[in-house]
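Colleague: generate coordinates for the sequence data below:
(one chain, ligands or ions: 1)
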Amino acid sequence: MKQIVTKVFSYLVFFFVVLVLLPISVGRTDNAAGKKIFLDSKCNKCHSFKSQGIQQLPKSADAEAEDADEGEKIDPPDLSTLDDAFVKAGLDKFLKKQVAVEYKGKSRKHKKSFTGSDADLKTLIDFLQGK
Ligand code: HEC
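Modeller: Residues are numbered from 1 along each chain as shown. Model prediction:
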């Protein structure tokens, strides 16, 4: 009898951990994988992401030259708040340069195409959206 009680009790503890504590702790961890993809992809060459404590990297000489080539300069936005237009167009398509989005009065494709896997792209987008 005592054995059964112990068994039932340990099942209860198990379900409590899986159903209650685990989701809470997962919800709280920040998306470290997404942050790593962001930094590894050098998104911070152009963007700051202040709500995540990411500053824009200092500009290298060749980045300056790249800008000058394009004639017109547009400051890449800080990513702490995303513009709805990009979200509606589909961030996945935008980051792969498959769609152009109206931004500051002009239809634009993103400067950089994301070259990683689809799974990484999804993790990255979750990170951008604070998930
Ligand atoms: C060479 C500079 C450059 C790099 C590198 C770059 N971006 Fe951008 N990004 C821009 C510019 C400029 C815009 C403004 C819209 C446009 O011109 O496409 C933009 C727009 C965006 C937007 C929409 C902004 C908003 O307000 O909603 C997102 C999201 C974004 N970039 C994410 C990324 C991610 C993620 C990476 C790394 C994989 C990255 N960018 C790398 C220049 C860059």
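Colleague: low-confidence ranges, the chain, go.
Modeller: 1, 4-6, 8-29, 60-72 (pLDDT under 70).
Colleague: now the helices: where do they sit in the chain?
Modeller: 2-16, 22-28, 32-40, 61-69, 84-89, 91-95, 118-128 (DSSP state H).
Colleague: residues of stretch 85-104 that come out buried?
Modeller: Residues 86, 89, 91, 94, 95, 96, 99, 101 are the ones in stretch 85-104 that count as buried (16 or more other C-beta atoms under 10 Å). Heads up, the C-betas are built off the backbone N, CA and C, glycines and all.
Colleague: so which of these are also by the ligand?
Modeller: 86, 91, 95 (C-beta under 6 Å from any ligand atom).
Colleague: I'd say the last one and residue 125 touch.
Modeller: Yes: with contacts defined as C-beta atoms under 8 Å, residue 95 counts as touching residue 125 at a distance of 7.5 Å.
Colleague: for the closest residue to residue 39 other than its chain neighbours, give me its contacts.
Modeller: Closest residue to residue 39 apart from its sequence neighbours, by C-beta to C-beta, 6 or more residues apart in numbering: residue 54 at 7.4 Å. Contacts for residue 54 (C-beta atoms under 8 Å, 6 or more residues apart in numbering) come out as 35, 38, 39, 44, 47, 48.
Colleague: can you narrow those down to the ones near the ligand?
Modeller: Okay, of those touching the ligand (C-beta under 6 Å from any ligand atom), that's 38, 47.
Colleague: which of the contacts of residue 54 are buried?
Modeller: Buried by 16+ other C-beta under 10 Å: 35, 38, 44, 47, 48, out of those.
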